[in-house]
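Enquirer: okay, predicted coordinates and the sequence, questions at the end:
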Amino acid sequence: MTQTSQPLWIQDRGIVIAQSQDAEWRCGDAPDYTSTNTFLNYATDTSSTSLK
């Protein structure tokens, strides 16, 4: 199953936003998730933490 044939709610949000150039966004611009992505990548990056 390709990314675009999956339901929107399980696709990568960055890909969905990038492919929706003709969408009308609630606040006028596409949402910016850079701070959320940074937090989520940090929270799931197990290489930066060591368990003792």
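Expert: Cool, got the structure.
Enquirer: can you tell me, leaving aside adjacent residues, what's nearest to the residue nearest in space to the middle of the chain?
Expert: Centroid-nearest residue in the chain: Arg13, 3.7 Å away (criterion: CA atoms, centre = their mean). Nearest non-adjacent residue to Arg13, counting by CB to CB, 6 or more residues apart in numbering: Tyr33, 6.5 Å away. Quick note: C-beta positions are derived from backbone N, CA and C, even for glycine.
Enquirer: that neighbour touches Gly14, doesn't it?
Expert: Yes: using CB atoms under 8 Å, Tyr33 is in contact with Gly14, at 7.4 Å.
Enquirer: which residue ranges of this protein form strands?
Expert: Assigned by DSSP state E, the chain shows no strands.
Enquirer: any low-confidence regions in it?
Expert: Along the chain, the parts satisfying pLDDT under 70 run over 1-4, 42-52.
Enquirer: for it, which helix is longest?
Expert: Looking across the chain with DSSP state H, the single longest helix is helix 34-44.
Enquirer: alpha carbons of it, in CSV - could you do that?
Expert: The C-alpha trace of helix 34-44 is given here as CSV (Å, rounded to 0.1, in the frame of the first residue of the first chain):
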residue,chain,number,x,y,z
THR,A,34,8.6,22.3,13.1
SER,A,35,8.7,22.8,16.9
THR,A,36,6.4,19.8,17.4
ASN,A,37,8.5,17.6,15.0
THR,A,38,11.7,18.7,16.9
PHE,A,39,10.2,17.7,20.2
LEU,A,40,8.8,14.4,18.9
ASN,A,41,12.2,13.5,17.3
TYR,A,42,14.0,14.4,20.5
ALA,A,43,11.5,12.4,22.6
THR,A,44,11.8,9.3,20.4
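Enquirer: buried set for it?
Expert: By 16 or more other CB atoms under 10 Å, helix 34-44 has no buried positions at all.
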